[in-house]
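Peer 1: 3D, please:
(chains A, B and C)
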Amino acid sequence: MLNKNLQLNEAGQLKHFLSIEGLKRQHLIDILDTAEPFSNVSEQAVKNVPILRGKTIINLFFEASTRTRTTFELAAQRLSADVLNINISTSATSKGESLMDMLHNFESMHCDMFVVRHNQSGAAHFIAEHVSPHVSVINAGDGCHEHPSQAMLDMFTIRRHKQDFADLKVAIVGDILHSRVARSQIHALTTLGVSEVRVVAPETLLPNDISSFGVHVFHNMREALDGVDVVIMLRLQKERMQGALLPSEGEYYYQYGLTPKKLACAKKDAIVMHPGPINRGVEIASEVADGPQSVILEQVSNGIAVRMAVMAMVLGRSSKFNKAS
Amino acid sequence: MLNKNLQLNEAGQLKHFLSIEGLKRQHLIDILDTAEPFSNVSEQAVKNVPILRGKTIINLFFEASTRTRTTFELAAQRLSADVLNINISTSATSKGESLMDMLHNFESMHCDMFVVRHNQSGAAHFIAEHVSPHVSVINAGDGCHEHPSQAMLDMFTIRRHKQDFADLKVAIVGDILHSRVARSQIHALTTLGVSEVRVVAPETLLPNDISSFGVHVFHNMREALDGVDVVIMLRLQKERMQGALLPSEGEYYYQYGLTPKKLACAKKDAIVMHPGPINRGVEIASEVADGPQSVILEQVSNGIAVRMAVMAMVLGRSSKFNKAS
Amino acid sequence: MLNKNLQLNEAGQLKHFLSIEGLKRQHLIDILDTAEPFSNVSEQAVKNVPILRGKTIINLFFEASTRTRTTFELAAQRLSADVLNINISTSATSKGESLMDMLHNFESMHCDMFVVRHNQSGAAHFIAEHVSPHVSVINAGDGCHEHPSQAMLDMFTIRRHKQDFADLKVAIVGDILHSRVARSQIHALTTLGVSEVRVVAPETLLPNDISSFGVHVFHNMREALDGVDVVIMLRLQKERMQGALLPSEGEYYYQYGLTPKKLACAKKDAIVMHPGPINRGVEIASEVADGPQSVILEQVSNGIAVRMAVMAMVLGRSSKFNKAS
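Peer 2: I've put the predicted structure just below:
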């Protein structure tokens, strides 16, 4: 239903960044390769590069998210862009303005990019379909659909530790049903040619069409983690815990929480990932979250680099940096 | 009652920008001329000029307004100024501090400009009367009084399309009574020597002293639009619709909504303007708002240029740009 | 209980700025000396220096404070740092994330400094104990404990007017019990060797352990002000006025409000200080607040300079400026 090529310009380059679905392996590799030099920027004494100087980026957040908004804002600052934060729930929509009119307004102010967070699936695609040709759209999470920059920072983190994707076994554990992160991760892992992607969840937290995802479904955590190289834990939303989909928080932790014992089923050098914020003692034990196999905080650092890369790429400025550095 | 020359320094140059009333034709022309080169800035790849680098601008918003605040913030960013947004309803006034004490505090932090939005008429004048000599004040809308930067972006847009003001007939349609935008527009149009300014509204939405405005009053839309060059629609505030001043939303649209049929009474090359946000199907038909005669989105673009110009002028920095460009 | 040397690195230089307690005279003198050239920056046409260019500063405000946040934000802008404002009450803590996890997240984004405001005493120390070595922490007020940057801007203001601290008599008037400002001031004044520090308050607004502070306690305002060089008034919090600790607002003003008559007991060239925001007619008469002896607005200006100095010092960049200027 969604136009898969909406993300690409006529030369096949990234114009918007909306979903992993619809991108080819080479696009994902390009993002990872572009992010590499950017990861050094944040470690320099002066953490700025002038790549997007004089560009205007608008963070259009229809859903509150300090963490994601902060990383996009920092990424934009370090690219020397001008950033505006618009929190839509408190904004002009209360004056009855339509979304399209609001977008056309911001476009007329000559903004170059919208970073969009919305609680409805497809919102970023919808916006990208309707913006002017000079504006790029980045999806910072839409409903239960996709969160592609999160998936790419995860891939970046995996590549740093495991180099080649081809031989990897990766397990994704938790609320697959409601997770835009999981959807994007599955697309990215399969596109990058990971040999086996496993999902582990109670039946009630799996999508009906999970068989079409090209993944192996497990309900037993120890079986699922057996011999994997990467364990990706998902956040259990509080509202799920209180709903009818789960017996109890304690029961969930007993069956699906990542404890040192369960982690021992994975390869010895398996890495543990989590998109954050983590619920200690709900989906992950503190010993694991803070343990030697955890790369959770590296994911955060890599998130800045990957978002800088994507922002530079959609505005056609990434080559400037690669040449300069 | 208001000191008309408060806006000007001893050399007769713009020191504050508070109202169109009190400014002479040459002041308005100066603003329009200064804005011309700034309109190119936002169309460049690097949308920044260093004119207000190292200046501190405080957006003092006593009334929420994402749209107006955003355009002033973008204008300031593109002039390379440092900007602080202060939302007063959530600020120190809750600690019982007086407005004057708060202003003197910000002044002591060496800020250079206040951009003030307030729901009381005269607020910006009051502040300008009391600030230190090194601080400039820009009125971003005060009660039902004036919204001068909106009027000047409208004049800029008219001049782009119609060149000379002298021969123009302009109709302003809607809630004149409560509109600070209309008041500023009427002052600007008459000061710039427009040959005929018409206002069209139900009796209940006209000020009692409308006869003193130097405008022609109409109650019938078709008569009012007959042969005009410019149609300016005003936003109908929701609270008016629910009040006793209007029969019903549908009745208002029937009589005063700008439809293609009514617009046909104007000149063929008439332009349609609206300060936004628009209420589609209330004061304007979508076919007109999105049609070939609409310049509504141009107004938004021009708003950045005009605000950059005014900000540079009140700080005495506009000549720097004109020389450089 | 608090590690007194947490603020210093191995070379004895300021690494964090958490409390005046624990710092030696030379540290305070260093801060004052470093602030001197910064006070010129805000008076220049271009109020920026590139000292913290490419650094990321996060204002972590667990307690709302427009005034303090604004001065830190302006100070950071004028040092050319990138600033992020995080209002914690509306932030990720609502997702149940622990404070430590949130901090580690921001650290992983390669931020360089946290400016922390918290309603619990010791919060900034706690954070400084747990942050990564590359991050500095500045206490912008913690509970009833300390507000060290306020105390240092006060010392800066006193030194500007009185040069030598040794011979001064200083009176601090008001709610000593709940005032983090007073605690920091007392430590600073005694550390700088002021000859006599007096505190004046009703018994109910004095800490139990006031005798250990090295100050002279007065209950009568006229006696307390007799012959002093500096009068520091404290803000009377509204919630105190309504509580059981005070008879009435009028009674408080009668006994402890600074009127011209009471001020006449001080030396003729005594200066009057107040951290703001002031309650006119509660703790201070308008004639005094706006009078020739008041240096209240100078304190605000000096606050920018002192905060710039401290920010530059904790990141080890202050020498760059002193050499350059």
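
Peer 1: which parts of the stretch 101-250 of chain A sit against chain B?
Peer 2: A:101-102, A:104-111 (Cβ under 8 Å from any Cβ of the partner chain). For the C-beta atoms, the positions are set from N, CA and C on the backbone; glycine is no exception.

Peer 1: and the residues you listed, which of them are in strands?
Peer 2: Using DSSP state E, no member of those sits in strands.

Peer 1: Out of those, which two sit at the greatest distance?
Peer 2: The distance between the two most remote of those (Cβ to Cβ) is 16.9 Å, for A:101 and A:110.

Peer 1: Who has more neighbours out of those two?
Peer 2: It is residue A:110, of residue A:101 and residue A:110, that has more neighbours when counted by other Cβ atoms under 10 Å in any protein chain shown, with 23 against 20.

Peer 1: Quick check: the closest residue in space to that one that isn't next to it in sequence vs residue B:286, distance?
Peer 2: Distances taken as Cβ to Cβ, 6 or more residues apart in numbering or on different chains put residue B:42 closest to residue A:110, at 4.1 Å, once the chain neighbours are dropped. Counting by Cβ to Cβ, to the nearest Å, the separation of residue B:42 from residue B:286 is 27 Å.

Peer 1: now swap in residue A:28 and tell me
Peer 2: Between residue A:28 and residue B:286 the computed distance is 41 Å (Cβ to Cβ).

Peer 1: Equivalent analysis for residue A:198, please.
Peer 2: Distance of residue A:198 to residue B:286, computed by Cβ to Cβ: 51 Å.

Peer 1: Okay, strands next: where are they in chain A?
Peer 2: Under DSSP E, chain A gives strands at A:56-61, A:82-87, A:113-118, A:136-142, A:169-173, A:196-200, A:216-218, A:230-233, A:271-273.

Peer 1: how about these in TSV, adding mean neighbour count?
Peer 2: TSV is the format used below for the strands of chain A (neighbours: other Cβ atoms under 10 Å in any protein chain shown):
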stretch	mean neighbour count
strand A:56-61	24
strand A:82-87	19
strand A:113-118	25
strand A:136-142	26
strand A:169-173	25
strand A:196-200	22
strand A:216-218	15
strand A:230-233	27
strand A:271-273	23
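
Peer 1: Select from the ones you listed the stretch with the lowest mean pLDDT.
Peer 2: Ranked by mean pLDDT, the strands of chain A bottom out at strand A:82-87, with a mean of 92.

Peer 1: Just want the angle from it to strand C:82-87.
Peer 2: Relative orientation of strand A:82-87 versus strand C:82-87 (axes from the mean of the first three to the mean of the last three Cα atoms, to 10 degrees): 10 degrees.

Peer 1: For strand A:82-87, which strands pair with it and how are they oriented?
Peer 2: Here strand A:82-87 has these sheet partners by DSSP bridges: strand A:56-61 (parallel).

Peer 1: so the strand it pairs with versus strand A:136-142, what angle?
Peer 2: Using the same axes, to 10 degrees: strand A:56-61 against strand A:136-142 is 20 degrees.

Peer 1: what about stretch A:223-233, how long is it end to end?
Peer 2: Using Cα to Cα, to the nearest Å, the end-to-end distance of stretch A:223-233 comes out at 15 Å.

Peer 1: got the contact list for that stretch?
Peer 2: For stretch A:223-233, the external contacting residues (Cβ atoms under 8 Å, 6 or more residues apart in numbering or on different chains) are A:154, A:158, A:162, A:167-174, A:182, A:185, A:198-200, A:218, A:258, A:262-263, A:265-267, A:269-274, A:278, A:283-284.

Peer 1: filter those residues down to the ones close to chain C.
Peer 2: Of the residues in those, proximity to chain C by Cβ under 8 Å from any Cβ holds for residue A:278.

Peer 1: between residue A:28 and residue B:286, who's got more neighbours?
Peer 2: More neighbours surround residue A:28 than the other of residue A:28 and residue B:286, with 22 against 11 (other Cβ under 10 Å).

Peer 1: since we're on residue A:181, how many residues are nearby?
Peer 2: 25.

Peer 1: residues contacting it?
Peer 2: For residue A:181, the contacting residues are A:147, A:150-151, A:234, A:275, by Cβ under 8 Å, 6+ apart.

Peer 1: and the gap between it and chain C?
Peer 2: Noted for residue A:181: a distance of 14 Å to chain C, by Cβ to the nearest Cβ, to the nearest Å.

Peer 1: Find the closest residue to chain C in chain A.
Peer 2: residue A:46 (3.1 Å; Cβ to the nearest Cβ).

Peer 1: what about that residue, how many neighbours?
Peer 2: 13.

Peer 1: where does the stretch 101-250 of chain A come near chain C, residue by residue?
Peer 2: Listed as neighbours of chain C in the stretch 101-250 of chain A under the rule Cβ under 8 Å from any Cβ: residue A:238.

Peer 1: which stretches of the stretch 101-250 of chain A form helices?
Peer 2: For the stretch 101-250 of chain A, helices defined by DSSP state H, counting those that start in this stretch occupy the ranges A:123-130, A:148-162, A:180-191, A:221-225, A:238-242, A:249-256.

Peer 1: if we can go back for a sec, nearest to chain B, of the contacts of residue A:181?
Peer 2: Using Cβ to the nearest Cβ, those come closest to chain B at residue A:147, 25.5 Å.

Peer 1: that older thread, turn the helices of the stretch 101-250 of chain A into a markdown table, columns for mean pLDDT.
Peer 2: Below are the helices of the stretch 101-250 of chain A laid out as a markdown table (pLDDT from 0 to 100):
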| stretch | mean pLDDT |
| --- | --- |
| helix A:123-130 | 95 |
| helix A:148-162 | 98 |
| helix A:180-191 | 97 |
| helix A:221-225 | 97 |
| helix A:238-242 | 68 |
| helix A:249-256 | 90 |
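
Peer 1: Out of those helices, which is closest to residue B:304?
Peer 2: Short answer: helix A:123-130, nearest of these by Cβ to Cβ, at 21.3 Å.

Peer 1: In terms of secondary structure, what does that closest one contact?
Peer 2: Counting by 3 or more Cβ pairs under 8 Å, 6 or more residues apart in numbering or on different chains; DSSP states H and E, the packing neighbours recorded for helix A:123-130 are helix A:99-108, strand A:113-118, strand A:136-142.

Peer 1: Pull out the buried positions in the first one.
Peer 2: Of the residues in helix A:99-108, those buried by neighbour count under the rule 16 or more other Cβ atoms under 10 Å in any protein chain shown are A:99, A:101-108.

Peer 1: Make TSV from the contacts of residue A:181 and add neighbour count to it.
Peer 2: Shown next, in TSV, are these (neighbours: other Cβ under 10 Å):
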residue	neighbour count
A:147	26
A:150	27
A:151	26
A:234	25
A:275	25
